[in-house]
Structure formats: C-alpha cells, structure tokens
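1. predicted model, plus sequence, below.
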Amino acid sequence: MERKFIEAVAEREDSRIDLEITNPSELDEIPRYARAAFALRCVRRLLPLYRVCWPDAPPEYPQAIEQAITFGEAAVATANAEGAAYAEIAMEAAKGTLQHWQAKKVDDYAHGGFDGSKAAANIALAASYAEGAAYAKSERGTTNLVVRSVEHAVMTLFVYSVLQNPSHPSEIANGPIEAMFSDLDRLRVAADDQGWTDATPMHINFFGPLWPAGVPTGWPSDEGRGSVRAPIPLSSLDQALAELRRRNEEIDTALEPITASFQRVILDLEGRNFESLEANQRVAQVIQETADRLRVAFSCPKCGEPARFRCSAAATAKTGMFVFSHGRQTHGGGTKIPKLVVVDAPEDGRKTEIPDKET
C-alpha cells in the first residue's frame, strides 16, 4: 500500500524521483558495509523529523533510534558484524510509535488520512533495519535489510512532505532523495576505483557533511547533525547517577570495536621505520594520542606494565628509538616500531568512579 502511494504521488506530479533507490540492483555494485553505511546515512538525515512528527514521543524512543544508528556506524567502520545491540530496542520504539499511530485510526491515505506519528514509525523501522544490515552475517542479508530500511526512509520522506506541502510534496521530498542517489553514485565510483570488497570497512566520514548541497527546503535542522537527543528527567541524585553510569557503559561499549580496529592498525606497523626522527616521532605521537582518546595503554614488552609509547632522540640512532615509559621507568630502545599490544590504561589519579549513592 505504501509503495503504491509513493508511486501515485510521483506520477501525479511528474516527479523525477521514483523508487529505483530501493531496487536491490541499485545496491549490487557496492560491497556490504558500504550498503549498510548508505542506509545508516539515510536514516541519520531523518532524525530531526522524528520530534517534528511526534513531539510528545517518550524520550526513550528517539534515544534508542539514535543509538541504533551510532552503533551501526561503529560496526561498518570496523567491519565488525558482531552485536546489533540496539536494533531490537529501535524495533520496540517502532512498534510503540506504530501503536500510537494506529490508536488514532488514521489509515486512509487516499482521503488525506496522514499523521506525523506514521512518519516517525517509519524512521524507527528504518533505523532498526539499517543497524541490522551493519551486523548481518551474509551479503544477501545485508542487501535485504538495506532495501527495507531505505523503503521506510523513502516512505518517511513522502509522508512528511505531504504533511508539509500537500499540493506539491515532491518540492520537499526531491532534495533528500537526490542526496541519496548522490551518495550511491559516490559509493559506486569509490568502490570501483579503490577495489573495495565485502570485508572493506566503511567509515561514515567518507560521505562528508550530512547535506553537501545545504539543508533542503522545508527541512528541520538540529545544529547540522540531525540529532534528536531528548532530555532525560533526573528527579533525584540516584536517578542522575544511574543515568551517568549508563552513559559511561555506552561509551565503553561503543569504544570496543574502535579499539579492536586500532589494535589491528598498530600491529600492521610492527617493524616499520619512517626514515627520519621527525617522522617516527610524529607516528608515535599519533599512536599515543589515539590510545589516550580510547583510554588504553600498551603492554611493556619487558615487564608487562601498562605503558605510554614514544620515540626519543638518541645519539646512537639518527631516526630515534621507540620506547615504553611507565612511572619513572623506560624500556625498549629499538629503531623499528615494536609489537604494540593494547591494554587497559591505569588510573591516573584524576579519574574518579561515579559513586553508587549519596555519601
């Protein structure tokens, strides 16, 4: 029914936009993680619409949707198809939104029976399928989930567009859908030029700004990012501490695949020397800066203690010596990057645990 409705609107307006964007053949030329990244980007663009379409939605719904997208983006960036922690939660948000829409008995598109919560439900469904695509175990599973996600994204665009401009909805819908086609074209070219495979990670930053040509006419903005973070009611200290602990847990979970990817990258650097002191120091500096951001250290190969990594000038080595430092001790001293093994960073005295209760 929804697909027929979109086709009818497009035909009525002689629109340049059709449903080819949801055709599996459109996706066959790009690898699996690129497909999933495409779906995730489509849904991220829709996030500002959720609050517009259902202003009174329970705060946990938009939060679950954004978490699903964020975790999906982490999965495709590291080619790590393990988890799907938020896909089911996003699906529950979709079911709740659908129940809200169905309770209003707004189900007749032909007679103008539009309601914003139907568009909101499609956003939640699109997010759930997009994250599922990021974690799918097979190429075909990825494609099927991406198609379902993009279909719901397109339906969201058309419902929202008709609500905003009943006479000429394509004036609003065309811009976002053209952006989707542009993303697909870029992915095809890059996949062909760079020889991507189904194992190639796909960082979401590949696409650049969310709206390269500017935010489309009639589109709500949220500081340029498309975030729909809802305020969390914190009525007591215990509630506040519990919510802050959950955010810490979310950070740890989100960092796990990124840390694993970092470990793979630095293992590939073992045995390298970049032919000058300045170059070696810069590489060591970036490695340590990344470790700091991930809140990890490196296992000292001599004593096993968590250590920091650097390249020091040395009279006996013009390109410097790679060393591990912890406390007042420094171990190592080779001229090539050693095997770097990531371990938990020790507490530095500045970090504190969130207390369990008021003292």
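-> Okay, I see it. Numbers count the residues shown, from 1 in each chain.

2. can you give me the strands for this structure?
-> Taking DSSP state E, the strands of the chain run over residues 296-299, 306-314, 317-326, 329-334, 342-344.

3. need those in CSV (columns: distance to Gln263, mean neighbour count and mean pLDDT).
-> No exception for glycine: its C-beta is placed from N, CA and C like everyone else's. Shown next, in CSV, are the strands of the chain (distance: least, CB to CB, whole Å; neighbours: other CB atoms under 10 Å; pLDDT from 0 to 100):
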stretch, distance to Gln263, mean neighbour count, mean pLDDT
strand 296-299, 9, 20, 95
strand 306-314, 13, 19, 94
strand 317-326, 16, 19, 94
strand 329-334, 19, 15, 90
strand 342-344, 5, 14, 93
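
4. now these in TSV, with distance to Val189?
-> Listed next are the strands of the chain as TSV, based on distance: least, CB to CB, whole Å:
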stretch	distance to Val189
strand 296-299	36
strand 306-314	38
strand 317-326	39
strand 329-334	42
strand 342-344	35
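
5. of these, which is nearest Arg282?
-> strand 306-314 (8.6 Å; CB to CB).

6. and the closest one, what does it pack onto?
-> helix 277-294, strand 296-299, strand 317-326, strand 329-334 (3 or more CB pairs under 8 Å, 6 or more residues apart in numbering; DSSP states H and E).

7. would you mind writing the CA trace of the second one as CSV?
-> What that stands for is strand 296-299. The C-alpha trace of strand 296-299 is given here as CSV (Å, rounded to 0.1, in the frame of the first residue of the first chain):
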residue,chain,number,x,y,z
VAL,A,296,44.1,2.5,26.7
ALA,A,297,47.8,1.9,27.2
PHE,A,298,50.4,-0.5,25.7
SER,A,299,51.9,-3.6,27.4
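
8. what's it packed up against?
-> Under the contact criterion of 3+ CB pairs under 8 Å, 6+ apart, strand 296-299 touches strand 306-314, strand 342-344.

9. can you redo those strands as JSON lines with distance to Ala37?
-> What follows is these, written out as JSON lines (distance: least, CB to CB, whole Å):
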{"stretch": "strand 306-314", "distance to Ala37": "31"}
{"stretch": "strand 342-344", "distance to Ala37": "25"}
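
10. what's the closest of these to Val159?
-> Closest approach to Val159 among the helices and strands packed on strand 296-299 is made by strand 342-344 (46.2 Å; CB to CB).

11. direction included, what does that closest one pair against?
-> If you go by DSSP bridges, strand 342-344 pairs up with strand 296-299 (antiparallel).

12. circling back to that earlier point, to Asp198, which of the strands of the chain lies closest?
-> Proximity to Asp198 (CB to CB) singles out strand 342-344 among the strands of the chain, at 26.4 Å.

13. so what's the gap between stretch 126-136 and the chain middle?
-> Taking CA atoms, centre = their mean, to the nearest Å, one finds stretch 126-136 lying 11 Å from the centre of the chain it belongs to.

14. ugh, typo on my part, it should be stretch 270-286
-> 31 Å.

15. first-to-last residue distance for it?
-> 15 Å (CA to CA, to the nearest Å).

16. what do you get for stretch 261-277?
-> Chord length of stretch 261-277, first to last residue, is 26 Å (CA to CA).

17. one step back: which one of the strands of the chain lies nearest to Phe262?
-> Nearest to Phe262, of all these, is strand 342-344, at 6.8 Å by CB to CB.

18. check the gap between Met321 and Ile30 for me.
-> Distance from Met321 to Ile30, counting by CB to CB, to the nearest Å: 45 Å.

19. now the longest helix anywhere in the chain against helix 277-294, angle please.
-> As assigned by DSSP state H, the longest helix anywhere in the chain is helix 237-268. Angle of helix 237-268 versus helix 277-294, following axes from the mean of the first three to the mean of the last three CA atoms, to 10 degrees, is 150 degrees.
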